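1. here's a sequence, model it:
(chains A and B)
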2 protein chains.
Amino acid sequence: MVKTYTFDKSNALMERARKVVPGGIYGHQNPIMLTRGAFPSFFARGEGSHIWDVDGNEYIDYMCSYGPIVLGHRHPKVEEAVRRQADLGNCFNAPGPLWVDLAEYLVSITPCADWTVFAKNGSDVCTWATEVARHATGRKKIAMCSGAYHGTHAWCTPAPAGVTSEDRANIVYFHFNQLESLRHTVAEHQGEIAGVILSPFRHDAGHDSELPVEGFLAGVRELCDRNGIVLILDDVRAGFRLHLGGSGEFFGIRPDLTTYCKAIANGYPLSACLGRESLRQAAQEVFFTGSYFTSAVPMAAALACLKELKAANGIERMRMLGEKLRDGMLAQARGAGFEVTYSGPPAIPYMTFKDDGGRYDRMKVFAGECSLKGVYLAPRHNWFISAAHTEEDIKQTLAVTEQAFAAVRAQFA
Amino acid sequence: MVKTYTFDKSNALMERARKVVPGGIYGHQNPIMLTRGAFPSFFARGEGSHIWDVDGNEYIDYMCSYGPIVLGHRHPKVEEAVRRQADLGNCFNAPGPLWVDLAEYLVSITPCADWTVFAKNGSDVCTWATEVARHATGRKKIAMCSGAYHGTHAWCTPAPAGVTSEDRANIVYFHFNQLESLRHTVAEHQGEIAGVILSPFRHDAGHDSELPVEGFLAGVRELCDRNGIVLILDDVRAGFRLHLGGSGEFFGIRPDLTTYCKAIANGYPLSACLGRESLRQAAQEVFFTGSYFTSAVPMAAALACLKELKAANGIERMRMLGEKLRDGMLAQARGAGFEVTYSGPPAIPYMTFKDDGGRYDRMKVFAGECSLKGVYLAPRHNWFISAAHTEEDIKQTLAVTEQAFAAVRAQFA
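-> Purely as a prediction, here's the structure:
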């Protein structure tokens, strides 16, 4: 007998939420991103690769909290490290010893980096990195890819509300995978560009993901070197899912600054920016602080998370499971007569239906069907595999996606 | 027998830290802010009002992690709520029920607010509030007090490194407690000012604190109303130490937006911006998100923290203990023949020696002596009382400060 998923408790909470929070839930967790009526709005608990919403519905989780959960929810080694530190305390007048242990560990696994700083959000470190680039070079302009996401700050937020023209007066643009466009931008602003910021592969909202084409990243590196530009790799989304030394190592580029967040601490609030020796002095001079920047519990989580990721060969496991999921879904799509694009690295996949246009109608039906059958994946955002996923999870998932393709077939005959 | 405080382990950790973190420790926890040789750089644990550094030295803690620790380290009710939530999970694809419970509770205790949003840093919410003001009014400029601290973002960071002129092109300034200067600023930029942001009392770095003078805050409110300007109260530092409904209630002003961080969750990473109904739509439209914004553990901590603060009458307790500390220290200063300025509310005090100038020489000796005798207070930053401090703590502290005044006397005869 198949359990019917209903969302009475979620809906009741959402009704209350709308009264006291603008929109109820904001940001990328905004329910308008999902399929109306087919997704829960509130979660009660998680364990490994599974999550339960407040109505008790269980899901295999392919969003992993939009990235952070890389070892699975409540991984025992991470939770043990967290408890051990929490028993001593978390937030003090200065850091604890884990500040040093974690910084040393991060630097030791990151070939391009000599130092690190810690913060709380991806936005914190991406913005700070641009400021370090400016201070180090004495230049103003930052080049970024059109459509890329580097956080919510005014210089790069995807939504224009509240942004002034001055916030972007020093931002110039180029196209990912089009070295010529960066060459053009650099030439147009000769001697003015402090930094180039880009993600290791293109994962813009509303686009199929694009891996870097042959020569693109090396060309970016060379252009930066030739023009004294600081190269910033925004590894917030992909970091620690492709290579323990940073996604730059995976794709063969060594940036000057690398930003991390999400998967660094299996869900505990931490972000980091790692950098080269030559930028140490500038980094020391760009003011950076926050009430919780030195908190010890997330550092305990990060050390345990990264060490376990290595010990358990988690990155290879995510790739292997991601490939099984991809191969299975692509075969199902073909069988159902759909052309789909399944893009991005296997551990961070993104699927669209050909001819689904910007409205994601087919993907919304597909993801909604999956959700109602216990597989949680967002219709218009890349998914995330974790090292906690099992072959059994993938098998169960493919049984569900088979039905989801059929449902799309039925609705878009 | 008096224990001698040494810092061998702290110093060894600092030596390691300097290799892998620019400056070793950055931000306001930067050791240059303290007295060379007299302060630890790393902490091992905390319990109530006491903290222990990595060398095992014990201190009565008057910095409270620069504000967050309002109930004392590891308060049992907060830790229990944290553990209960952590056993279910922390960071999911969407919030948990505590998102709603906490939002409802915050709105219920805050007379001027109808809704709230949550984030991680004080900087997050202060910057976002200025963007909401801009979006709501369709204007660009933000008026802030010269010298005020609203976070590390480029529009307001106290350090110029990495900041461009465009970052501040839309910031205009006025002087705290000088209504005429705000009148002038508003007149000069007639119809252009979206928001006025200020703290409930003046607590700028390097200045004695100033409580608002009679009529100032009411005058600010009136000017904002008359000119369609959004009034933002930055209650990051003072919030929940003066009034459970926000420091605006304490000083008699009702802002349109209020920002909180620090004391909201007894050290767990959470910040919030509360606002009026009239700004709900604008708030919904200004994009705001972060990997950990919906995490449940800090929300469990915040609910437990605020409810305990109320149940235990913590705010009144901090005032009472702060007054005892103030009265005792002022009597000692007089007895030792010093003119000191002891400013700010009793729960958030700031002390300077007259004629100590901008160099804080006397304060550095004073705070250094205190540290070496087990009382931790920073020489050039306001202090924070917590509800965990006891009358016995104050008594022991005053025994130490008596000797610290004598040490300053001896050195500056």
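2. can you pull the domain assignment for chain A?
-> A:1-39+A:47-54, A:85-311 (automatic domain parsing).
3. distance between the ends of the last one?
-> When the termini of domain A:85-311 are compared using Cα to Cα, to the nearest Å, they are 21 Å apart.
4. if we can go back for a sec, same list (the domains of chain A) but as JSON lines, adding distance to B:Trp99.
-> All C-beta spots, glycine's among them, are computed from the backbone N, C-alpha and C. JSON lines is the format used below for the domains of chain A (distance: least, Cβ to Cβ, whole Å):
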{"stretch": "domain A:1-39+A:47-54", "distance to B:Trp99": "7"}
{"stretch": "domain A:85-311", "distance to B:Trp99": "15"}
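5. least reliable of those by average pLDDT, please.
-> Mean pLDDT is lowest for domain A:1-39+A:47-54 among the domains of chain A, at a mean of 92.
6. give me the contact status of that domain with chain B.
-> Yes: contact of domain A:1-39+A:47-54 with chain B (Cβ under 8 Å from any Cβ of the partner chain) involves A:13, A:16-17, A:19-23, A:25-29, A:31, A:47, A:51, A:54.
7. list buried residues within these.
-> A:13, A:16-17, A:20-23, A:25-29, A:31, A:47, A:51, A:54 (16 or more other Cβ atoms under 10 Å in any protein chain shown).
8. in strands, which of those residues fall?
-> Members of these lying in strands (criterion: DSSP state E): A:Glu47, A:Ile51.
9. next secondary structure after the host helix or strand of A:Lys364?
-> Using DSSP states H and E, A:Lys364 sits within helix A:361-372. Next in sequence after helix A:361-372, counting helices and strands by DSSP H and E, comes strand A:375-376.
10. next, count neighbours for the residue lying closest to A:Ala304 once chain neighbours are set aside.
-> The spatial neighbour of A:Ala304 that comes closest, neighbours along the chain excluded (Cβ to Cβ, 6 or more residues apart in numbering or on different chains), is A:Ala81 at 3.7 Å. A count of nearby residues for A:Ala81, using other Cβ atoms under 10 Å in any protein chain shown, gives 25.
11. list the contacts for A:Ala81?
-> Applying Cβ atoms under 8 Å, 6 or more residues apart in numbering or on different chains to A:Ala81 gives the contacts A:Ala300, A:Ala301, A:Leu303, A:Ala304.
12. would you agree the first one falls within a helix?
-> Yes: under the criterion used here (DSSP: H, G, I helix; E, B strand; the rest coil), A:Ala300 sits inside a helix.
13. could you measure it against chain B, distance?
-> Going from A:Ala300 to chain B by Cβ to the nearest Cβ, to the nearest Å gives 13 Å.
14. burial of A:Arg221, as a residue count?
-> By other Cβ under 10 Å, neighbour count at A:Arg221 equals 18.
15. circling back: can you say which of the domains of chain A is packed in most?
-> domain A:85-311 (a mean of 22; mean count of other Cβ atoms under 10 Å in any protein chain shown).
16. and that one, how far out from the chain middle?
-> Chain-centre distance of domain A:85-311: 12 Å, with Cα atoms, centre = their mean, to the nearest Å.
17. returning to what we had before: among the residues of domain A:1-39+A:47-54 next to chain B, name the ones in helices.
-> A:Leu13, A:Arg16, A:Ala17, A:Lys19, A:Val20 (DSSP state H).
18. gap between the nearest residue to A:Leu233 once chain neighbours are set aside and chain B?
-> Nearest residue to A:Leu233 in three dimensions, chain neighbours excluded: A:Pro255, at 3.7 Å (Cβ to Cβ, 6+ apart). Taking Cβ to the nearest Cβ as the criterion, A:Pro255 is separated from chain B by 17 Å.
19. my guess is A:Pro255 contacts A:Ile232, does it?
-> Yes: using Cβ atoms under 8 Å, A:Pro255 makes contact with A:Ile232 at a distance of 6.2 Å.
20. quick check: closest non-adjacent residue to the closest residue to chain B within the stretch 151-300 of chain A.
-> Nearest residue of the stretch 151-300 of chain A to chain B: A:Thr289, at 2.5 Å (Cβ to the nearest Cβ). Leaving aside its sequence neighbours, A:Thr289 sits nearest to B:Gly27 (Cβ to Cβ, 6+ apart; 2.5 Å).
21. go on, A:Glu402?
-> For A:Glu402, ignoring the flanking residues on the chain, the nearest one in space by Cβ to Cβ, 6+ apart is A:Gln332 at 5.3 Å.
22. secondary structure element for the one you found?
-> Here A:Gln332 is assigned to helix A:314-335, by DSSP H and E.
23. list the buried ones in that helix?
-> Going by 16+ other Cβ under 10 Å, helix A:314-335 has these buried residues: A:314-315, A:317-326, A:328-329, A:332-333.
24. which one of these is nearest to B:Gly67?
-> A:Gly314 (37.1 Å; Cβ to Cβ).
25. contacting residues for the most centrally placed residue in chain A?
-> Centroid-nearest residue in chain A: A:Arg237, 2.3 Å away (criterion: Cα atoms, centre = their mean). Contacts here follow Cβ under 8 Å, 6+ apart; on that basis A:Arg237 touches A:Gly67, A:Tyr149, A:Ser199, A:His203, A:Lys262, A:Ile348, A:Asn382.
26. hang on, the earlier thing: which among the ones in helices among the residues of domain A:1-39+A:47-54 next to chain B gets closest to chain B?
-> A:Val20 (4.0 Å).
27. and the gap between the closest one and B:Val297?
-> 20 Å (Cβ to Cβ, to the nearest Å).
28. with A:Val125 instead?
-> 22 Å.
29. helix or strand: which one has the residue nearest to A:Ala304?
-> A:Ala81 belongs to helix A:76-86, assigned by DSSP H and E.
30. got it, and A:Ala272?
-> strand A:271-275.
31. partners of that strand, with directions?
-> In the sheet, strand A:271-275 lines up against strand A:115-119 (antiparallel), strand A:257-260 (antiparallel) (DSSP bridges).
32. could these be laid out in CSV, adding distance to A:Asp356?
-> Below are the strands paired with strand A:271-275 laid out as CSV (distance: least, Cβ to Cβ, whole Å):
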stretch, distance to A:Asp356
strand A:115-119, 37
strand A:257-260, 32
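33. quick one: closest of those to B:Cys156.
-> strand A:115-119 (16.8 Å).
34. for A:Pro95, see how far away the closest residue to A:Arg84 other than its chain neighbours is.
-> In space, and not counting its chain neighbours, A:Arg84 is closest to A:Ala300: 6.8 Å by Cβ to Cβ, 6+ apart. Per Cβ to Cβ, A:Ala300 is found 12 Å from A:Pro95.
35. now do the end-to-end distance for stretch A:266-274.
-> Counting by Cα to Cα, you get 19 Å between the two ends of stretch A:266-274.
36. contact partners for A:Pro345?
-> A:Phe201, A:Leu211, A:Ala238, A:Arg241, A:Leu242, A:Arg319, A:Gly322.
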